[in-house]
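In: okay, predicted coordinates and the sequence, questions at the end:
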Amino acid sequence: MGLLQQLDSQYQRQGYRTYSKHVPALKNAPERWLGPLPDLIAEKEGETTVAVFFETTHSLRDPLSPGRWLKAKENRGADLKLFVHKQEELDLLRTILDRERIKADIALVERKFYRIRASRFDRARVIRLAVALVLVAAACYLILLIASYFYGYSLEYYEPRDFERESVTG
């Protein structure tokens, strides 16, 4: 699960209605939203609306980015939350916010954490499946072994006895 989905889930658990153009199950924006869409919008009755943007080096170098953030803040006085993935991006973001005098919550989030977490989940699932298959195969073998012991069946190849051969030809 990526950061956007985790934030969406966290806001929903807190009673917020969430909107995102990146999550197919959600609407893009509230009805009265004006201007550019953030990556995630969270709103709750009686609370401040939250506008979440995930920024990259490329988007931070875009001269229109501060304007997008200001437009988002103008929508019902939204709180602005900005996320970046690298220390250089965080430094650049702080410089832009200081220069433009924009108030926002900012956070540095490592991308690797989410990939490792997802791969551990997949690895654990594969291991559980492999163990289950080995246990099923072992159980089948034991059932055949026990049946051959109690009923005298042999797991060897069948060879007809002499009297069986004679009755067929005779």
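Out: Yep, it's here.

In: pLDDT weak spots in this protein?
Out: By pLDDT under 70, the low-scoring segments of the chain are 1, 111-122, 151-158, 160, 163-170.

In: same thing but 80
Out: The model of the chain has pLDDT under 80 over residues 1-2, 35, 46-47, 76-77, 110-125, 147-170.

In: which stretches in the chain count as helices?
Out: Shown for the chain, the helices assigned by DSSP state H span residues 3-13, 57-61, 65-74, 87-100, 111-151, 162-169.

In: out of those, deepest packed?
Out: Mean neighbour counts were compared across these using mean count of other Cβ atoms under 10 Å; the top stretch is helix 65-74, at a mean of 18. To be clear about C-beta, it is placed using only N, CA and C from the backbone, and glycine gets the same treatment.

In: got the contact list for that one?
Out: 34-36, 38, 51, 53, 55, 59, 78-80, 82, 96, 100, 102, 104 (Cβ atoms under 8 Å, 6 or more residues apart in numbering).

In: show me which residues of stretch 34-53 are buried.
Out: Residues of stretch 34-53 classed as buried by neighbour count (16 or more other Cβ atoms under 10 Å): 36-43, 49-53.

In: make JSON lines out of those residues and add distance to Arg123.
Out: What follows is those, written out as JSON lines (distance: Cβ to Cβ, whole Å):
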{"residue": "Pro36", "distance to Arg123": "39"}
{"residue": "Leu37", "distance to Arg123": "36"}
{"residue": "Pro38", "distance to Arg123": "34"}
{"residue": "Asp39", "distance to Arg123": "29"}
{"residue": "Leu40", "distance to Arg123": "29"}
{"residue": "Ile41", "distance to Arg123": "35"}
{"residue": "Ala42", "distance to Arg123": "32"}
{"residue": "Glu43", "distance to Arg123": "38"}
{"residue": "Thr49", "distance to Arg123": "39"}
{"residue": "Val50", "distance to Arg123": "34"}
{"residue": "Ala51", "distance to Arg123": "36"}
{"residue": "Val52", "distance to Arg123": "30"}
{"residue": "Phe53", "distance to Arg123": "32"}
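
In: thanks again, I'm all set now.
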